[in-house]
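S.K.: generate coordinates for the sequence data below:
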Amino acid sequence: VHEAGGGRDLLSVSALLDQEMPLPPVVEAWRRGKIDWHDLLPDHNTYLEKFGNSGDSNFNFLKLVLKEEAMTDYLTQYRESGLVWQYGREHGNLLGYEGCNLLKDPCMIHPEKRCSADQHCSWDPERLVCALKTKGSVGQCSNGRVPQILDTQGHPRPARPQECERIVDQPVFVDNVDDDPAAMFYHWWKHYTNVFQQWRNHGSPRDSHFIVAKHPQVGFFKYYGMLSDNCWRRAAFIPKGTCYCHVEVSISGSGGGETKAIVKHIMDHMDITNLPLPPRPTVGIISRRRKRFILNEMELARAARDLGCDVLILPFEEMTLYEQLKALRTVSVLVGIHGSGLNNALYMREGSVLIQLLPYNLNYKGAFSSVAQGAGVEYQEYRLPTADNSLFHWDFLGPPELRQGKEAYLRKGSPSGPSRETYTFWINQETRIPVEEFRKLISSALSSPLNRRLNNK
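M.R.: Coordinates of the predicted model:
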């Protein structure tokens, strides 16, 4: 364990690597790339058997997802290793904001002293909670503005007389989040730069309200908490009778150009800016939880430790945003298989290193090298040279792609740009990284400016 700033310290993986924990044979076979984990899923309903069978396709899909999560947790030994107890616990300054997507009434995240600062809300002295303001003294818009009502799609219209039960005379931004930004951090960041720019153009008001009209997934919406002390809200669930005075609709743009300013703002808000340097070079290995596994990540962790590094296993999907940011300011080398998680290099310290691991014959690299370079982070990559260390999911392909056979298809390699084949078959290989090649990568990374400085401490 080493000191990593405020709150709990980050746990180096050394303690896990020293455990002499025998693995079930099927786990060992999977880690050696001999078994496709999809073939291990049981036919029964596992945790949902008590609810019986259903013809509902959504219910059946949920059953499949829960089985996949249980299987991948078992194969990665996520619980048995102790990693499950390390993450998902610290939220930093976003602790209250975690309730925004859980509570029926988002006002309830506020303590009494901040309750009335959100103009949706007032303090309920009987229940001792902040709650939605009931109809009473409605108030009016400043500067003679006409109050507006939002429909379920976030479109404003002038409010009719007597329609307003509460007036919110604070900045409101209506945001439409498409599928890709909602699901992948690389696309979310481009979207968020536009959100940040519009927010800053209006004076960076922390009493803002973000109303989300389209929300296919909400995993990244905690980022609104970097800009506002108030919960983001769904347009479809705005309380009846709520009227707004200052509505900005359709956050849009091409993104980019604001990365350093946004990173500084986020670090300052989360009190991470002055996080001390780690005591020695620290390697962070991105551990994907549900697909695109590095099958021998523990072997790689041992190799990095043997070179004198601290090592962190980073299951970003299970970590809070605060934990992610703290880890990214702690590691001096970040390693991961091709994927949006590599975009987190924008939070790393200058002089650190990003290493992208490319599956066999994947000819699409993404823009991670430019992301790293923009943050002052060195970029390296390693591509699996042969198919021997990959496990392929052939069910992503059909007869047209395989008409000349699997070996011919693999030799051809992926398209050089985005395509259905690239995003399904090629990037979703399970891989084993040769340990000696990984040692060379880490040894090279240790010559970066930040790692030289850490080695000389």
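
S.K.: only C-alpha atoms from now on, for both contacts and neighbour counts.
M.R.: Fine.

S.K.: distance check, the residue sitting furthest away from the middle of the chain against residue 30.
M.R.: What lies farthest from the middle of the chain is residue 161; by C-alpha atoms, centre = their mean that is 43.8 Å. As for residue 161, its distance to residue 30 is 66 Å (criterion: C-alpha to C-alpha, to the nearest Å).

S.K.: repeat that for residue 289.
M.R.: 14 Å.

S.K.: do the same with residue 383
M.R.: Residue 383 is 21 Å from residue 30, where distance means C-alpha to C-alpha.

S.K.: and those two? which has more neighbours close in?
M.R.: Set residue 383 next to residue 30 and count neighbours by other C-alpha atoms under 10 Å: residue 30 wins out with 18 against 15.

S.K.: what about the strands in the stretch 51-200 of the chain?
M.R.: Remark: strands assigned in the stretch 51-200 of the chain by DSSP state E, counting those that start in this stretch are 121-124, 129-132, 148-150, 156-158, 166-176.

S.K.: the ones you listed into CSV, with extra columns for distance to residue 64 and mean pLDDT?
M.R.: Shown next, in CSV, are those (distance: least, C-alpha to C-alpha, whole Å; pLDDT from 0 to 100):
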stretch, distance to residue 64, mean pLDDT
strand 121-124, 40, 95
strand 129-132, 38, 96
strand 148-150, 37, 96
strand 156-158, 40, 95
strand 166-176, 29, 94
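
S.K.: closest to residue 105 out of those?
M.R.: strand 129-132 (6.7 Å; C-alpha to C-alpha).

S.K.: which other residues reach the closest one?
M.R.: Strand 129-132 is contacted from outside by 105-112, 115, 120-124, using C-alpha atoms under 8 Å, 6 or more residues apart in numbering.

S.K.: which of those residues are buried, as a ChimeraX select command?
M.R.: Selection of buried members from those for ChimeraX, criterion 16 or more other C-alpha atoms under 10 Å:
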select :105,106,107,108,109,110,112,115,120,121,122,123
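
S.K.: now, the most widely separated pair of the contacts of strand 129-132?
M.R.: Comparing all pairs in the contacts of strand 129-132 by C-alpha to C-alpha, the longest separation belongs to 105 and 112, at 14.9 Å.

S.K.: could you check the distance from the residue lying closest to residue 152 once chain neighbours are set aside over to residue 76?
M.R.: Distance criterion C-alpha to C-alpha, 6 or more residues apart in numbering; nearest residue to residue 152, sequence neighbours excluded, is residue 236 at 4.0 Å. Distance, residue 236 to residue 76, by C-alpha to C-alpha: 39 Å.

S.K.: returning to that earlier point: of the contacts of strand 129-132, closest to residue 281?
M.R.: Nearest to residue 281, judged by C-alpha to C-alpha, of the contacts of strand 129-132 is residue 109 at 39.0 Å.

S.K.: which non-adjacent residue is nearest that closest one?
M.R.: For residue 109, ignoring the flanking residues on the chain, the nearest one in space by C-alpha to C-alpha, 6+ apart is residue 96 at 5.5 Å.

S.K.: next: residue 35.
M.R.: The shortest distance from residue 35 to any non-neighbouring residue, by C-alpha to C-alpha, 6+ apart, is to residue 29 (6.3 Å).

S.K.: check residue 73 too.
M.R.: residue 79 is the one closest to residue 73 (C-alpha to C-alpha, 6+ apart), at 7.0 Å.

S.K.: what's the local residue count around that neighbour?
M.R.: When neighbours are defined as other C-alpha under 10 Å, residue 79 has 11 of them.

S.K.: pretty sure it contacts residue 71?
M.R.: No - Residue 79 is beyond contact range of residue 71, at 11.8 Å (criterion: C-alpha atoms under 8 Å).

S.K.: picking up where we left off before, and the residue nearest to residue 109, how far from residue 43?
M.R.: Applying C-alpha to C-alpha, the value for residue 96 to residue 43 is 40 Å.

S.K.: neighbour count winner among these two?
M.R.: More neighbours surround residue 96 than the other of residue 96 and residue 43, with 17 against 8 (other C-alpha under 10 Å).

S.K.: shaky segments in the protein?
M.R.: Along the chain, segments meeting pLDDT under 70 span 1-20, 46-47, 135-138, 250-257.

S.K.: contact partners for residue 384?
M.R.: Residue 384 touches 357, 358, 359, 360, 361, 433, counting by C-alpha under 8 Å, 6+ apart.

S.K.: in terms of helices and strands, where is the last one?
M.R.: Using DSSP states H and E, no element contains residue 433; it sits outside every helix and strand.

S.K.: can you give me the neighbour number for it?
M.R.: Neighbours of residue 433 under the rule other C-alpha under 10 Å: 22.

S.K.: thought it was touching residue 388?
M.R.: No - with contact defined as C-alpha under 8 Å, residue 433 does not count as touching residue 388 (10.4 Å).

S.K.: wait, residue 204 sits on residue 227?
M.R.: Yes - counting by C-alpha under 8 Å, residue 227 is a contact partner of residue 204 at 7.3 Å.

S.K.: these two: which has the busier surroundings?
M.R.: In this view residue 204 and residue 227 are compared by other C-alpha under 10 Å, and residue 227 has more residues nearby, 22 against 15.

S.K.: next one: the residue lying closest to the more buried one once chain neighbours are set aside from residue 170, what distance?
M.R.: Nearest non-adjacent residue to residue 227, counting by C-alpha to C-alpha, 6+ apart: residue 206, 5.8 Å away. Using C-alpha to C-alpha, we find residue 206 at a distance of 10 Å from residue 170.

S.K.: which one of these two is surrounded by more residues?
M.R.: Neighbours were counted for residue 206 and for residue 170 using other C-alpha under 10 Å; residue 170 has more, 20 against 15.

S.K.: for the more buried one, what are its contacts?
M.R.: With contacts defined as C-alpha under 8 Å, 6+ apart, residue 170 is in contact with 119, 207, 208, 209, 244, 245, 246.

S.K.: mind listing which of these are in strands?
M.R.: Judged by DSSP state E, these include 209, 244, 245, 246 as members of strands.

S.K.: among those, which one is most surrounded by other residues?
M.R.: residue 244 (27 neighbours).

S.K.: I figured that residue hits residue 173, correct?
M.R.: No - when contacts are counted by C-alpha under 8 Å, residue 244 is not listed as touching residue 173 (10.6 Å).

S.K.: can you get me a residue count around residue 329?
M.R.: 24.

S.K.: look up how far residue 274 lies from it.
M.R.: If you measure residue 329 against residue 274 using C-alpha to C-alpha, the figure is 10 Å.

S.K.: next one: residue 306
M.R.: Counting by C-alpha to C-alpha, the gap from residue 306 to residue 274 is 29 Å.

S.K.: so what's the gap between the lengthiest helix in the chain and the chain middle?
M.R.: Counting by DSSP state H, the longest helix found in the chain is helix 57-76. Chain-centre distance of helix 57-76: 20 Å, with C-alpha atoms, centre = their mean, to the nearest Å.
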